[in-house]
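Novice: no sequence for this one, just the structure:
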């Protein structure tokens, strides 16, 4: 299982990773670049269900 602590111990070799991406295949997750606008009853709770505490950080009254 992947963990941030394990990655900090050994982040890998970026040259090897680039070579493997070019010679084989790679999958990049760009979902962090997406936006969603939620409204209505329960919208804030829905956000909090996916990322606990995030609704407190990002919620604003329109």
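Specialist: Everything's here; your move. Small disclaimer: the values here were computed from a predicted structure and weren't measured. Numbers count the residues shown, from 1 in each chain.

Novice: what's residue 51 sitting at in phi/psi?
Specialist: Geometry field for residue 51 lists phi and psi as phi -130, psi 90, criterion degrees, to the nearest 10.

Novice: tell me the secondary structure at the residue positioned nearest the centre of the chain.
Specialist: The centre of the chain sits closest to residue 32, judged by CA atoms, centre = their mean, with a distance of 5.5 Å. Three-state assignment for residue 32 (DSSP: H, G, I helix; E, B strand; the rest coil): helix.

Novice: quick check, pLDDT for it.
Specialist: The pLDDT attached to residue 32 in the predicted structure is 77.

Novice: do residue 11 as well
Specialist: Per the predicted model, pLDDT is 67 at residue 11.

Novice: quick one on the thing from earlier: distance of the residue nearest to the centre of the chain from residue 8?
Specialist: Note on residue 32: its distance to residue 8, by CB to CB, to the nearest Å, is 20 Å. Heads up, the C-betas are built off the backbone N, CA and C, glycines and all.

Novice: ditto for residue 18
Specialist: Taking CB to CB, one finds residue 18 at 21 Å from residue 8.

Novice: these two: which has the busier surroundings?
Specialist: Comparing residue 18 with residue 8 by other CB atoms under 10 Å, the one with more neighbours is residue 18, at 11 against 8.
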